[in-house]
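> Output the structure for:
(chains A and B)
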Amino acid sequence: MLLSCKETTRLLSQGEDRKLAFGERVALRVHLAICNGCRNVNAQFKFLRSAVKILSLDGDDEKSPPQPR
Amino acid sequence: MQLRNPEAAEDAVQEALLAALAGEANFEGRSNLRTWLTGILKHKIVDTIRRQSREQPAPEFDVQGEAAEVDAPFDRRGHWDEAPDAWEQPEGALGQKQFLAALEACLRALPERTARVFMMREHLGLETSEICKELAITSTHCWVMLHRARMALRLCLEKNWFGK
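Residues are numbered from 1 along each chain as shown, chains lettered A, B, ... in the order given. Alright, predicted model coming up:
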């Protein structure tokens, strides 16, 4: 099965949220081996995850944690 | 951001703050204040969503309508019109306050429901199955929205940060 780039980004995204089937993983690998653009997007999706994780809900990243007394 | 209306969001934050103040005596340096508050907010947000979905049915998800945005970077055969470049030194951006502000702005630009699902998944770390249950949507809807969110965010960051 040959994936289009659009289809590939869809599977890359789903790969962050569920375990892909064997056939899906093979198809992804084949596509990523030949497609720079999709490889870059894969790295960007993973980067997004780590970036959103470190966002604080109170929006203040400079505040140091309270010191134990 | 993850709640349907501003009043409900304000209520959730207020409840979290009250709980934080009430629990302050037990706190004393056990963990970073922010981590602690985030943990409380997580529960309060899920509580509120649970309450809302009991009170009112989940709105219809317009999967078709917003699909055009996800299709935009591709030609008719589904190949990139313009293949995305690699971002330079993305890890370096994580330590920069301006980058985090740009990321927050991009998150706020997402449709509200999409942002909520994305934050439940990526910030709170909930499993797709939990998100589906809380919001009463199918896994397929969830994956469509997460894909849409990631595509929109990568485009937004590319325009506003990494494209410089």
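> any low-confidence regions in chain A?
A:1, A:56-69 (pLDDT under 70).
> Over to chain B?
For chain B (pLDDT under 70), the answer is B:1-68, B:164.
> which stretches of it form strands?
Applying DSSP state E to chain B gives no strands.
> domain assignment for it?
In terms of domains, chain B is parsed into B:1-56, B:63-164 (source: automatic domain parsing).
> show me the contacts for residue A:38.
A:5, A:8, A:9, A:12, A:31, A:32 (Cβ atoms under 8 Å, 6 or more residues apart in numbering or on different chains). Any C-beta I mention is one placed from the backbone N, CA and C, and that applies to glycine too.
> try 6 Å this time
For residue A:38, the contact set (Cβ atoms under 6 Å, 6 or more residues apart in numbering or on different chains) comprises A:5, A:8, A:32.
> Of those residues, which is the most crowded?
Within the contacts of residue A:38, neighbour counts (other Cβ atoms under 10 Å in any protein chain shown) peak at residue A:8, which reaches 24 neighbours.
> what's the spacing between that residue and chain B?
Distance from residue A:8 to chain B, counting by Cβ to the nearest Cβ, to the nearest Å: 9 Å.
> so that residue sits right up against residue A:33, yeah?
No: here residue A:8 does not reach residue A:33: they are 11.4 Å apart, not a contact under Cβ atoms under 6 Å.
> Now residue B:88: closest residue in space that isn't a chain neighbour?
residue B:162 (6.9 Å; Cβ to Cβ, 6 or more residues apart in numbering or on different chains).
> wait, doesn't the one you found sit right on residue B:87?
Yes: if you go by Cβ under 6 Å, residue B:162 and residue B:87 touch, sitting 4.3 Å apart.
> And the helices in chain A?
Along chain A, the segments classed as helices by DSSP state H run A:5-15, A:22-34, A:36-54.
> right, so the ones you listed: which one is the most enclosed?
Most buried of those by mean neighbour count (mean count of other Cβ atoms under 10 Å in any protein chain shown) is helix A:5-15; its value is a mean of 21.
> Residues in contact with it: which ones?
Residues outside helix A:5-15 that contact it (Cβ under 6 Å, 6+ apart): A:24, A:28, A:31, A:38, A:41-42, A:45, B:74, B:78-80, B:143, B:146-147, B:150.
> List just the nearest of those residues to residue B:104.
Nearest to residue B:104 among the contacts of helix A:5-15 is residue B:150, at 16.1 Å by Cβ to Cβ.
> ok, now how distant is that closest one from chain A?
5 Å.
> Give the burial count for that residue, as a bare number.
Neighbour tally, residue B:150, other Cβ under 10 Å: 24.
> Does it touch residue A:44 like I think?
No: the criterion here is Cβ under 6 Å, and residue B:150 misses it with residue A:44 at 8.1 Å.
> hmm, back to that, I'd like the helices of chain A laid out as TSV, including distance to residue B:108.
Shown next, in TSV, are the helices of chain A (distance: least, Cβ to Cβ, whole Å):
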stretch	distance to residue B:108
helix A:5-15	21
helix A:22-34	31
helix A:36-54	13
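> Which among those is found nearest to residue B:132?
Here helix A:5-15 is closest among the helices of chain A (Cβ to Cβ), at 13.8 Å.
> Could you check how far the closest one is from the centre of its chain?
10 Å (Cα atoms, centre = their mean, to the nearest Å).
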